[in-house]
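**Q** Below: sequence and its predicted model.
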Amino acid sequence: MASVERVGLFIGGRWENPPAARRFETVNPATREPLASFVAGTAADVDRAVTAAVQAFPAWKATPAPKRGSILLNAARILAERKERIGRVVTREMGKVISEGLGDVQEGVDFLQYMAGEGRRLFGETVPSELRHKFCLTVRQPKGVVACITPWNFPTAIPNWKMAAALISGNTVVFKPASSTALCGTEVVRVYEDAGVPPGVLNMVTGSGGVVGEAILDDPRVRMVSFTGGVETGRQVYVRSAQTLKKVHLELGGKNPILLMEDADLGLALDGVLFGAFGTSGQRCTATSRLIVHEKVYDEFLGRLVERLGRFTVGDPLDLSTGMGPVASADQEKKILEYIDLGRSEATLRYGGTKLTGGVYDRGYFLAPTIFETRHGTRISKEEIFGPVLSVIKVGSYDEAVRVANDVEYGLSSSIYTRDVNRAFRAVDDLEAGITYVNAPTIGAEVQLPFGGVKNTGNGGREAGTAAIEEFTEVKTVYVDFSAKLQKAQIDTE
Ligand code: UN1
């Protein structure tokens, strides 16, 4: 432990590194080398972080939103300057290939720039009154202290999504990054600190969900929690937050389909399926985990897909020629291999299905990209695996494809490949998902549009775009009566 960087908690603008604190380390999933060590925060640490956020709130709320925006613009610039270095930290700590590590950071830069501009909007509404000489409008106000609890799969992008939206809205933040990517979370916090976010406005407490997460959820001073992660944890976050009547924003799982129709451009679809299913080793909420293929092109497409996978490289994620890196952790590897075993018993393995061994593979958590041919209804075709495992399902028609696509508990992203414009627009209507792509895979959301899903993917919220502002603000309704007399709504009806 001596050789790795020792990161502290960030509370009230100070990095705290109590020598006696319990600590944990993050590990490079490609090599199992330790990267950095972190404080395993306690309930008392959370209490101090929330107190710091409460104390910083009035001044931050009173800071004009365009001024808050200029601080976020500084953060965007600093993050862009550090993109190469932090992109490598993403790859080393989480395992996604370097082009995607850089993309993770870029998504934060984009979002900070976008949210900086929101500082000059934060629009309310003006609405006519039913009475004379009365003016009605709404303004957006911050909620107070909000908590951002983020996952390991987009370890810099998602903290930026949540924190930039929270901060431009005038909230103060307690941030708990995923434990396995705490260095990425730390890098983001350092950017905000260097950009001039005042002490106490952003606080980071590292540590476990069971200790730090629960202390955050139980604190009545935290008015909102924004959580991205698995559906089971999301459900626990929701239930636990009910005690303090927090607003809960949840982004949970997906079982995202590509519908491949018989008239599709198969070459285009091939690139899309490979990127959608095996990008980030399939560890995106938006990953393509189901390929629903029209029977007329099924054999041809599957043959081409398997042939392409034969030339797909798995290996060192820092190497620019690598197609897919390791999965993110030993836990991930174990869970995915269990699903692969299940798949062998209930479906036909068409490609991969193994842990890779020998050479660099023995140092990390490397799995082969895996394809199962299956009928709709098997567990691998319906449950979120969160790994490089694609279920391929044959259908006889567009209507059957939609029925299969919709018959899962999730509804985050979806896609159709077709050249028929009518069918493309019908899919936009028919697919039960928060996002539908036409002739593009299920991944690749842009920050200026709302992001989120239906059914068990969440509880109705959206992040990114202006939707994020709605999530992180309260609406205040203002009535200004300039008639100089008492006017009674609903009673003075003449
Ligand atoms: C996630 O998988 O949790 O659309 C977020 C995408 C990325 C964001 C994914 N821009 O795949």
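**A** Now that the structure is in, tell me what you want to look at.
**Q** which bits of the stretch 301-450 of the chain sit near the ligand?
**A** Within the stretch 301-450 of the chain, the positions adjacent to the ligand are 443-445 by CB under 6 Å from any ligand atom. In this view, the C-beta of every residue, glycine as well, is placed from N, C-alpha and C.
**Q** Repeat the analysis, applying 8 Å as the threshold.
**A** Taking CB under 8 Å from any ligand atom as the contact definition, the stretch 301-450 of the chain meets the ligand at 413, 435, 442-447.
**Q** Report the two of those residues separated the most.
**A** Greatest spatial distance in those: T442 and V447, 16.9 Å, computed using CB to CB.
**Q** the more surrounded of the two?
**A** Remark: of T442 and V447, T442 carries more neighbours, 29 against 23, as counted by other CB atoms under 10 Å.
**Q** which regions of this protein sit below the pLDDT cut-off?
**A** 1-2 (pLDDT under 70).
**Q** Excluding sequence neighbours, find me the nearest residue to the spatially most central residue of the chain.
**A** Residue closest to the average C-alpha location in the chain (CA atoms, centre = their mean): I158, at 4.9 Å. On the basis of CB to CB, 6 or more residues apart in numbering, the spatially nearest residue to I158 that is not a chain neighbour turns out to be T150, at 4.7 Å.
**Q** Does the one you found touch P177 like I think?
**A** Yes - at 5.5 Å, T150 counts as touching P177 under the criterion of CB atoms under 8 Å.
**Q** Near G460, how many other residues are there?
**A** Counted with other CB under 10 Å, G460 comes out at 11.
**Q** Okay, it and the ligand: tell me how far apart.
**A** Distance from G460 to the ligand, counting by CB to the nearest ligand atom, to the nearest Å: 17 Å.
**Q** Identify the residues contacting that residue.
**A** Contacts for G460 (CB atoms under 8 Å, 6 or more residues apart in numbering) come out as none.
**Q** do R48 as well
**A** 11-12.
**Q** Now the element after the helix or strand containing it, going C-ward?
**A** R48 is part of helix 43-62 when elements are defined by DSSP states H and E. Sequence order places helix 65-81 as the next helix or strand after helix 43-62, per DSSP H and E.
**Q** Which neighbouring elements make contact with that next one?
**A** Judged by 3 or more CB pairs under 8 Å, 6 or more residues apart in numbering; DSSP states H and E, the packing partners of helix 65-81 are helix 98-118, helix 157-168, helix 182-195.
**Q** what helices or strands is the helix or strand following the second one leaning on?
**A** In other words, helix 157-168. Next along the chain after helix 157-168, taking DSSP H and E as the criterion, comes strand 172-176. Taking 3+ CB pairs under 8 Å, 6+ apart as the contact definition, the neighbouring helices and strands of strand 172-176 are helix 43-62, strand 145-149, helix 157-168, strand 202-204.
**Q** Out of those, which gets nearest to F301?
**A** Closest approach to F301 among the helices and strands packed on strand 172-176 is made by helix 157-168 (31.2 Å; CB to CB).
**Q** Just confirm yes or no for the closest one near the ligand.
**A** Yes - on the criterion CB under 8 Å from any ligand atom, helix 157-168 is in touch with the ligand at 157-158.
**Q** could I get that helix in PDB with only the CA atoms?
**A** Provided in PDB are the C-alpha atoms of helix 157-168 (Å, rounded to 0.1, in the frame of the first residue of the first chain):
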ATOM      1  CA  ALA A 157     -18.900  11.100 -17.300                       C
ATOM      2  CA  ILE A 158     -21.700  10.300 -14.900                       C
ATOM      3  CA  PRO A 159     -20.300  12.200 -11.900                       C
ATOM      4  CA  ASN A 160     -20.100  15.200 -14.300                       C
ATOM      5  CA  TRP A 161     -23.700  14.700 -15.500                       C
ATOM      6  CA  LYS A 162     -25.000  14.700 -12.000                       C
ATOM      7  CA  MET A 163     -22.700  17.300 -10.300                       C
ATOM      8  CA  ALA A 164     -22.700  19.900 -13.100                       C
ATOM      9  CA  ALA A 165     -26.500  19.800 -13.300                       C
ATOM     10  CA  ALA A 166     -26.800  20.000  -9.500                       C
ATOM     11  CA  LEU A 167     -24.300  22.900  -9.100                       C
ATOM     12  CA  ILE A 168     -25.600  25.100 -11.900                       C
END
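**Q** quick check: angle from that helix to helix 98-118?
**A** 10 degrees (axes from the mean of the first three to the mean of the last three CA atoms, to 10 degrees).
**Q** Against which helices or strands is helix 157-168 packed?
**A** helix 65-81, helix 98-118, strand 145-149, strand 172-176, helix 182-195, strand 222-228, helix 465-472.
**Q** what residues does the last one touch?
**A** Right, helix 465-472. 115, 118, 121-122, 140, 142-143, 146, 161, 165-166, 168-169, 171, 224, 226, 247, 249, 447-452, 461-463.
**Q** Give me the angle between it and strand 145-149.
**A** In terms of direction (the same axes, to 10 degrees), helix 465-472 departs from strand 145-149 by 120 degrees.
**Q** so after helix 465-472, what's the next helix or strand?
**A** By DSSP H and E, the next helix or strand past helix 465-472 is strand 473-481.
**Q** Pull the distance from that following strand to the chain's centre.
**A** Offset of strand 473-481 from its chain centre (CA atoms, centre = their mean, to the nearest Å): 32 Å.
**Q** could you say what helices and strands it packs with?
**A** Here strand 473-481 touches strand 134-142, going by 3+ CB pairs under 8 Å, 6+ apart.
**Q** got the buried residues for the strand it packs on?
**A** In terms of neighbour count (16 or more other CB atoms under 10 Å), strand 134-142 has its buried residues at 136, 140-142.
**Q** any chance of those in CSV, plus distance to R23?
**A** Listed next are the buried residues of strand 134-142 as CSV, based on distance: CB to CB, whole Å:
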residue, distance to R23
C136, 55
R140, 40
Q141, 39
P142, 34
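**Q** Tell me the one among those nearest to K334.
**A** K334 lies nearest to P142 out of these, by CB to CB, at 41.6 Å.
**Q** The closest one reaches N171, doesn't it?
**A** Yes - in this structure, P142 is within contact of N171 by CB under 8 Å, at 4.4 Å.
**Q** can you list residues touching both of those two?
**A** 57, 60, 472.
**Q** Please dump those residues into TSV; it should also carry distance to E25 and neighbour count for every row.
**A** TSV is the format used below for those (distance: CB to CB, whole Å; neighbours: other CB atoms under 10 Å):
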residue	distance to E25	neighbour count
F57	33	20
W60	33	20
F472	32	28
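**Q** related to what we said a few turns ago, between the buried residues of strand 134-142, which is nearest G353?
**A** The nearest one, if we look at the buried residues of strand 134-142 relative to G353 and count by CB to CB, is P142, at 49.8 Å.
**Q** contacting residues for that closest one?
**A** Counting by CB under 8 Å, 6+ apart, P142 has contacts 57, 60-61, 169-171, 472-474.
**Q** how close does the closest residue in space to it that isn't next to it in sequence sit to A467?
**A** Excluding the flanking residues, the one nearest P142 by CB to CB, 6+ apart is G170, at 3.3 Å. Here the criterion is CB to CB, to the nearest Å. By it, G170 lies 17 Å from A467.
**Q** If you count surrounding residues, which of those two has more?
**A** Using other CB under 10 Å as the criterion, G170 and A467 rank with G170 on top: 24 against 16.
**Q** That one contacts K61, correct?
**A** Yes - between G170 and K61 there is a contact at 4.6 Å, judged by CB under 8 Å.
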